[in-house]
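sharing a model that was predicted from the sequence below.
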Amino acid sequence: MNPLGLYEPGTSPLHRVPAGVKFLALLALAVLIFVFAAPTPLGVLAGAVLLGYLVARVSPGRCWRLARFLVPLLAVIFALQWWLLGLDQAIVVALRLFAALAAANLFTLTTRVDDMVGAVERGLRPLRRFGVRPERAGLLVGLTMQAIAVLSTIAAETREAQRARDADRSVSAFAIPFLVRTLRHADELGEALAARGVGDD
């Protein structure tokens, strides 16, 4: 199962918040993440995101899969930043990355793709007179959210197959199957969109 997203059904207060409101809150959080440049406020933001997981009552299994994905990534980035820029900057970068990825994951776990697509379309309807096509924008958002889960699933399954072949240290044993499956998925998606007339004037 993929470590990131998608929707996990629930009845928590966070699940009941409208998709558009959650999306605006996510954008505001992203702005704050890159405005703050000190560990303390970034640590507060990261703590607020973790509190969101408690409010949303996300299952321990989903939290563990996210942690198993994030911790090695953050460890590598933290080590590189510490070596290149120093400890303080390494902490800032790691906190920013953690808060951003964890918040995005929480959003996908508590928001149906259809609800998000509908919110984007409704929000952009007033701009139709300026040539904006809300349906296209909604489709793009939906495909982006789905792509995160699909690529994460492909990566996890490829890694498991790599371990089964006892090829953990081989870069090509992971990269080549992952690339092939990703391109195959892209072809299938393109064919499906073309069959529905997406892209036709």
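Yep, that arrived. Numbering: from 1, shown residues only.

what about the helices in the chain?
For the chain, applying DSSP state H gives helices covering 13-16, 19-35, 39-56, 60-85, 87-110, 113-124, 134-164, 171-195.

pull out the buried positions in the fifth one.
Neighbour-count burial for helix 87-110, counted by 16 or more other C-beta atoms under 10 Å, picks out 90-110. Every C-beta, even on glycine, is put in place using the N, C-alpha and C of the backbone.

how about stretch 41-48: buried residues?
Taking 16+ other C-beta under 10 Å as the neighbour-count basis, stretch 41-48 is seen to contain the buried residues 42-43, 45-46.

do you know how far Ala67 is from Phe178?
In this structure, Ala67 lies at 22 Å from Phe178, with C-beta to C-beta, to the nearest Å as the measure.

whoops, Val141 was the one
25 Å.

check Ala186 too.
For Ala186 relative to Phe178 (C-beta to C-beta), the value is 13 Å.

what does Val120 give?
Counting by C-beta to C-beta, the separation of Val120 from Phe178 is 30 Å.

which one's more surrounded, the two?
Val120 (21 against 18; other C-beta atoms under 10 Å).

okay, now the closest residue in space to Tyr7 that isn't next to it in sequence: neighbour count?
In space, and not counting its chain neighbours, Tyr7 is closest to Arg112: 5.1 Å by C-beta to C-beta, 6 or more residues apart in numbering. Other residues near Arg112 come to 15 when the count uses other C-beta under 10 Å.
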